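[1] Take this sequence and fold it.
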Amino acid sequence: MKVIIVLLLFLLNTVLMPLLVELIKERSIDIATAMIKLALRALPSDHRERYEEEWLAELDISNGRDVSKIVLAARLLVSAPALGRVLSRKDRRRTMSERLATAGSYDAFLSYSHAIDSRLALELRHELLQFARPWHRRHSLRIISSATNLAATPDLWATIEATLGRAKYFILLASPQAAQSRWVSREVAWWLANRSPERMLIVLTSGTIEWSNQDADFDWIATNALPATLTGAFSAEPRWVDFRTFGADDSSRQRDLSTIADLAAPLHSLPRDALVDAHVGSQRQIRRIIWACIAGLSAQSILVAVLLVLLLRAP
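    Numbering: from 1, shown residues only. Coordinates of the predicted model:
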């Protein structure tokens, strides 16, 4: 009987487990999507569509392939019941602006043109959330996107104002489309009226930005990526981050991470070099945990093999 049990364990470790791992790798996206669909059932019905769009987008742009997507979906599945309870606990008659007014603070508000920068905004938000993230936390920051993709309702601007009021920084994805956006201009105007322009971070995604030292303002003849509401907002040339080649190809990955570090440093209230060191350290820690798991599985396989040999040699 013992020999049969050991043989079954050995078969499981050496034959079935590799086959199972390969199957999971091949169907990782389908499995992760199914897990997200299951997680959505734990949310109130009126919130499912919103979170489905957000979670599937996060799954689509997540780094890595195969099992990493399943790990992300598993985190969402585990946290979904608690999120559902939070969403259901509050009075459903409250407006979105009231819910935001009682929510915690955000590290940044992300404003952009949904006509051109929707995917880039998702990718940028994902990179910022993952940069220097401790292995045991899902996100390193709290960043909320602009609400300009919501349907036009009487309460829409109140929702945006409440969100802006809870943000520590304002991230503007600058582009010619954003410069012409009525909502982006309105969000920028609110920030300048209620917050310091030093807390505004400009990310150039397309178009041009030029500064005129003579006028101590942007050169509005050459600049086409900023809304006119920024006229005279800065007394000295502000620093902006160039994202026009972000994610262009695999070879630009290291350059993209350097750009992310430039943008993330003020959000973390850390010097850039210290933040990069923290990011490198967290990545090493994650790799050590992965290798420890691999070593544990390998040791288990070896132990099963040794037990099998001992039992077969026993009288």
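
[2] so where's the stretch 151-300 of the chain shaky on pLDDT?
    151-155, 247-255, 277-287 (pLDDT under 70).

[3] Now with 90, please.
    151-166, 181-183, 215, 235-300 (pLDDT under 90).

[4] What pLDDT is listed against Phe131?
    pLDDT for Phe131: 72.

[5] burial of it, as a residue count?
    Phe131 is flanked by 23 other residues according to other CB atoms under 10 Å. All C-beta spots, glycine's among them, are computed from the backbone N, C-alpha and C.

[6] measure the nearest residue to it once chain neighbours are set aside to Leu275 for me?
    Leaving aside its chain neighbours, Phe131 sits nearest to Ala264 (4.9 Å; criterion: CB to CB, 6 or more residues apart in numbering). Look at Ala264 and Leu275: by CB to CB, to the nearest Å, they are 6 Å apart.

[7] try Val86
    For Val86, the distance to Leu275 (CB to CB) stands at 30 Å.

[8] Torsion angles phi and psi at Ala174?
    phi -80, psi 130 (degrees, to the nearest 10).

[9] how about the spatially closest residue to it that is not a sequence neighbour, what does it touch?
    Once flanking residues are discounted, Ala174 sits nearest to Ala225: 4.1 Å by CB to CB, 6+ apart. Neighbouring residues of Ala225 by CB atoms under 8 Å, 6 or more residues apart in numbering: 174-176, 178-179, 204-209.

[10] on that earlier part again, quick one: which of Ala264 and Leu275 has more around it?
    Ala264 (26 against 22).

[11] Remind me which helix or strand Ile202 belongs to.
    Ile202 belongs to strand 200-204 when assigned by DSSP states H and E.

[12] What helices and strands are in contact with that strand?
    Under the contact criterion of 3 or more CB pairs under 8 Å, 6 or more residues apart in numbering; DSSP states H and E, strand 200-204 touches strand 167-174, helix 182-194, strand 240-242, helix 253-268.

[13] can you rerun that using 7 Å?
    strand 167-174, strand 240-242, helix 253-268 (3 or more CB pairs under 7 Å, 6 or more residues apart in numbering; DSSP states H and E).

[14] wait, Ser113 sits on Gln177?
    Yes: with contact defined as CB atoms under 7 Å, Ser113 counts as touching Gln177 (3.9 Å).

[15] can you map out the helices along the stretch 201-315 of the chain?
    253-268, 272-313 (DSSP state H, counting those that start in this stretch).

[16] what about Ser113 and Gln177, which has more around it?
    More neighbours surround Ser113 than the other of Ser113 and Gln177, with 23 against 19 (other CB under 10 Å).

[17] Report the separation between that one and Leu141.
    For Ser113 relative to Leu141 (CB to CB), the value is 22 Å.

[18] Check which helices and strands the helix or strand encompassing Lys69 sits against.
    Counting by DSSP H and E, the element that carries Lys69 is helix 67-89. In this structure, helix 67-89 packs against helix 17-26, helix 28-40, helix 45-61, with contacts taken as 3+ CB pairs under 7 Å, 6+ apart.

[19] correct me, but Leu141 touches Leu128?
    Yes: counting by CB under 7 Å, Leu141 does reach Leu128; the two are 5.8 Å apart.

[20] who touches both of these two?
    Leu267 (CB atoms under 7 Å, 6 or more residues apart in numbering).

[21] Check which residues of stretch 45-59 are buried.
    Neighbour-count burial for stretch 45-59, counted by 16 or more other CB atoms under 10 Å, picks out 48, 51, 55, 57-59.

[22] Kindly reformat the residues you listed as JSON lines and extend each row with pLDDT and distance to Arg288.
    Listed next are these as JSON lines, based on pLDDT from 0 to 100; distance: CB to CB, whole Å:
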{"residue": "Arg48", "pLDDT": "80", "distance to Arg288": "37"}
{"residue": "Tyr51", "pLDDT": "77", "distance to Arg288": "33"}
{"residue": "Trp55", "pLDDT": "77", "distance to Arg288": "28"}
{"residue": "Ala57", "pLDDT": "70", "distance to Arg288": "30"}
{"residue": "Glu58", "pLDDT": "71", "distance to Arg288": "25"}
{"residue": "Leu59", "pLDDT": "72", "distance to Arg288": "26"}
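
[23] Turn these into CSV, including distance to Thr229.
    Shown next, in CSV, are those (distance: CB to CB, whole Å):
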residue, distance to Thr229
Arg48, 36
Tyr51, 32
Trp55, 34
Ala57, 29
Glu58, 31
Leu59, 35
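
[24] okay, now Gln130: neighbour count?
    Gln130 has 19 nearby residues by other CB under 10 Å.

[25] Could you check how far it is from Ala264?
    10 Å.

[26] Identify each buried residue in stretch 77-93, please.
    77, 80, 83-84, 87.

[27] I meant to write stretch 193-204 there.
    Within stretch 193-204, judged by 16+ other CB under 10 Å, the buried ones are 195, 200-204.
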